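Student: sequence? don't have it. structure:
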């Protein structure tokens, strides 16, 4: 199964998981959907450190995992209330089937494709100390940069030259290591106002 197929499967699992938890908390099921929850966590862990993802794939992965994390926290609260009963006034609201808190509404909106401010994807990052000996890292950074520029509609991305990019990273890495006395430099590909930025900073730890 390809990365795209597994990400689509993960997204589908999270949707199904929400439905099954709603059924459980509504009294339609005696047991929470722990098996499906385990499958979701397994897929999330599988791709947590994957360097094979493109910028778009990493963006999608982060969006799905952030939605899951928000829902998972709410489910834990509801499970605790179900087991222990109401201890605070706000617990009663969480325990009422059909009533949605602001957090749940935000998560549900995200699940339908709307991205709340809290669901911004994390930038693609790599740590580099020597561009020549860490060719794979520079290659993955270049690919992420190109993928991001294409996704942002930058037609010039197709004409980018890897050798020139590697030379830039090598010079920048040497400069920052010298100026800050650090072992490595953290590079990140970020999207700001529709523009792709490559940022570099000293890795101090």
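Tutor: Noted; the coordinates are in hand. What you see is a predicted model, and the numbers here were worked out from it, not measured in a lab.

Student: and for residue 32, nearest residue in space, chain neighbours not counted?
Tutor: residue 24 (5.1 Å; CB to CB, 6 or more residues apart in numbering). (Each C-beta comes from the backbone N, C-alpha and C, glycine too.)

Student: OK, contacts around residue 127?
Tutor: Counting by CB atoms under 8 Å, 6 or more residues apart in numbering, residue 127 makes contact with 137, 184, 185, 186, 187, 203.

Student: and these as TSV, adding secondary structure and neighbour count?
Tutor: Output for the contacts of residue 127, formatted as TSV (DSSP: H, G, I helix; E, B strand; the rest coil; neighbours: other CB atoms under 10 Å):
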residue	secondary structure	neighbour count
137	helix	18
184	strand	18
185	strand	22
186	strand	16
187	strand	25
203	strand	18
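
Student: can I get these in CSV including distance to residue 131 and pLDDT?
Tutor: Putting the contacts of residue 127 into CSV (distance: CB to CB, whole Å; pLDDT from 0 to 100) gives the following:
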residue, distance to residue 131, pLDDT
137, 8, 87
184, 11, 93
185, 10, 94
186, 14, 93
187, 10, 93
203, 14, 86
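
Student: if you skip the residues just before and after it, what's nearest to residue 199?
Tutor: Distance criterion CB to CB, 6+ apart; nearest residue to residue 199, sequence neighbours excluded, is residue 188 at 4.9 Å.

Student: the one you found - that's part of a strand, no?
Tutor: Yes. Checked against DSSP: H, G, I helix; E, B strand; the rest coil, residue 188 lies within a strand.

Student: hang on, isn't the residue nearest to residue 32 packed against residue 31?
Tutor: Yes. Between residue 24 and residue 31 there is a contact under CB atoms under 8 Å: 7.2 Å.

Student: which of those two has more neighbours?
Tutor: residue 24 (18 against 8; other CB atoms under 10 Å).

Student: distance of that one from residue 70?
Tutor: Per CB to CB, to the nearest Å, residue 24 is found 18 Å from residue 70.

Student: likewise for residue 34?
Tutor: Residue 34 sits 19 Å away from residue 70 when distances are taken as CB to CB.

Student: try residue 129
Tutor: 36 Å.

Student: so between those two, which is more surrounded?
Tutor: Shown here are residue 129 and residue 70; by other CB under 10 Å, residue 70 has more neighbours (20 against 15).

Student: and this structure, what are its domain boundaries?
Tutor: Per the record, the chain has its domains at 3-119, 124-203, by automatic domain parsing.

Student: which of these has the lowest average pLDDT?
Tutor: Among the domains of the chain, domain 3-119 carries the lowest mean pLDDT, a mean of 75.

Student: ranges for the helices of this structure?
Tutor: For the chain, applying DSSP state H gives helices covering 3-25, 34-46, 55-84, 89-95, 102-111, 135-151, 162-180.
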